[in-house]
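Student: Quick one: sequence and predicted model below, then my questions.
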Amino acid sequence: YLPALDKVSTLGEGVRGWDTGPGNVLIDLAVDQFSEGQQTYDHGGAWASQGTPCPAVIDTWLADPFFQVAPPKSTGRELFSPAYLQHCLETASSYQLSIADILATLTDFTAATIVYNYDQFLPQRPHQVVLCGGGSRNPYLRQCLQQRLGDTGLLTTDQLGLSADAKEAIAFAVLAYWRHHRIPGNLPAVTGARQTVLLGDWHLT
């Protein structure tokens, strides 16, 4: 899942899910900063694709304590904030990177956080990875992720007949259906909750 923040979901012996990293957040913040507000995201990864990722910088960024914490775990813009981006840029400043190089490094960093979580917290890598969200429409990000995944299959929900743009709307419709039929909607293994519960409530006016 590649919207603002990445999430891992695995099937097999139960279901596991957690936030893996920044997703598009740091890329979007950097594009907004470097374009002086003229762009809010790197359309198609075009800007980043003109640069070259810096592995040494990515390794430094991966040392952040969040990536070492075992799931279940969740994060958000409270961590991957403008201040976090500035810290990343300060770390990269000694490597004399161009703006395109920095964006390429941030994009490959997102890919690296996903694969790092697979390698650290799953018994083995998944045989297939399915992407949705805005990041799934970034060819350069998909390229970075595929390079790190190696032989693992990579496809988008669009290829499975589920629009990446509609995924969250469908998910909330499913949750509403479950609530109506009194089916618990949470997964303790994912959220860390003590038990399954009904989610949401009815408010008729």
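Tutor: Yep, that arrived.
Student: Please tell me how far His180 sits from Thr110.
Tutor: Between His180 and Thr110 the computed distance is 36 Å (Cβ to Cβ, to the nearest Å). No exception for glycine: its C-beta is placed from N, CA and C like everyone else's.
Student: Between these two, tell me which one has more neighbours.
Tutor: Taking neighbours as other Cβ atoms under 10 Å, His180 and Thr110 compare with Thr110 leading, 25 against 10.
Student: Longest helix in this structure, please.
Tutor: Determined from DSSP state H, the single longest helix within the chain is helix 99-121.
Student: Would you mind splitting the protein into its domains for me?
Tutor: Recorded structural domains for the chain (assignment: automatic domain parsing) are 6-158, 166-205.
Student: right, so those: which one is the most enclosed?
Tutor: Comparing the domains of the chain by mean neighbour count (mean count of other Cβ atoms under 10 Å), domain 6-158 comes out on top with a mean of 17.
Student: pLDDT averaged over stretch 140-154, what's the number?
Tutor: Across stretch 140-154, pLDDT averages out at 96.
Student: Kindly report the same for stretch 112-119.
Tutor: 96.
Student: As CSV, could you dump the C-alpha coordinates of it?
Tutor: The C-alpha trace of stretch 112-119 is given here as CSV (Å, rounded to 0.1, in the frame of the first residue of the first chain):
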residue,chain,number,x,y,z
ALA,A,112,14.1,0.1,0.9
THR,A,113,11.9,0.5,4.0
ILE,A,114,9.3,-1.9,2.6
VAL,A,115,11.8,-4.6,1.7
TYR,A,116,13.7,-4.1,5.0
ASN,A,117,10.5,-4.8,6.9
TYR,A,118,10.0,-8.0,4.9
ASP,A,119,13.5,-9.2,5.6
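Student: what's in contact with it?
Tutor: 6, 8, 18, 20-22, 58, 62, 67, 71, 125-126, 129, 144-145, 148-149 (Cβ atoms under 8 Å, 6 or more residues apart in numbering).
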